[in-house]
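> Coordinates for the following, if possible.
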Amino acid sequence: MILPTETLASIRTLVAQSVGALRVSGVVDSAAATTMTAAAELGAYVSADRLKGDQVVIKTGTGAVSGNERYITASTTPGGVITVATWDTNPVAADTFDIYHRQIADKALLDLAIKDAIELAQDSHLIDWEDLSSV
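Residues are numbered from 1 along each chain as shown. Predicted coordinates:
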């Protein structure tokens, strides 16, 4: 990928928001092997399992390792707890996350759209350069 990981995550959040795929962004309160809690952000969902099937992606912090995105198997209210398959690396308090509405777009589709847009922009804006090794 052309962009640093932090930049890609920020752009992905904006693209997801613009296409209606972003459910919520937030900060992790705590996590265990198969759960994550974010009471302020996730506690607002009024029914249990409302986030079931959506995708949670850890954007920054300890849990932001390659492949550490999971589909939500259950969500509980109140308290803002989601259940997922076992994390590659457990998120910790202060890690940031996004939750995407999977029926609209998941992380892979959003990343592909960003990559394709960058490549199209690069192709249409060729930059003049000089090969200094031949000078």
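> what about the helices in the protein?
5-18, 39-42, 107-124 (DSSP state H).
> could you redo those as a markdown table and give each row distance to T73 and mean neighbour count?
Glycine gets a C-beta too; all of them are placed from N, C-alpha and C. Output for the helices of the chain, formatted as a markdown table (distance: least, CB to CB, whole Å; neighbours: other CB atoms under 10 Å):
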| stretch | distance to T73 | mean neighbour count |
| --- | --- | --- |
| helix 5-18 | 21 | 16 |
| helix 39-42 | 14 | 17 |
| helix 107-124 | 17 | 13 |
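> Which of those helices sits closest to A31?
Nearest of those to A31, taken as CB to CB: helix 39-42 at 12.2 Å.
> Check which helices and strands that closest one sits against.
strand 22-27 (3 or more CB pairs under 8 Å, 6 or more residues apart in numbering; DSSP states H and E).
> now with 10 Å?
strand 22-27, strand 81-84, strand 96-100 (3 or more CB pairs under 10 Å, 6 or more residues apart in numbering; DSSP states H and E).
> Quick check: can you name the pairing partners of the second one and their directions?
Sheet partners assigned to strand 81-84 using DSSP bridges are listed as strand 35-37 (antiparallel), strand 69-76 (antiparallel).
> For it, which residues meet the burial criterion?
Buried residues in strand 81-84, counting neighbours by 16 or more other CB atoms under 10 Å, are found at 81-84.
> What number of residues are in the vicinity of G20?
For G20, the neighbour count with other CB atoms under 10 Å is 10.
> from what I can see it touches L110, true?
No. Contact criterion CB atoms under 10 Å: G20 and L110 do not qualify, at 11.9 Å.
> Could you dump the buried residues of strand 81-84 into CSV with pLDDT and distance to A39 added?
As requested, the buried residues of strand 81-84 are exported to CSV (pLDDT from 0 to 100; distance: CB to CB, whole Å):
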residue, pLDDT, distance to A39
V81, 94, 8
I82, 95, 11
T83, 95, 15
V84, 97, 17
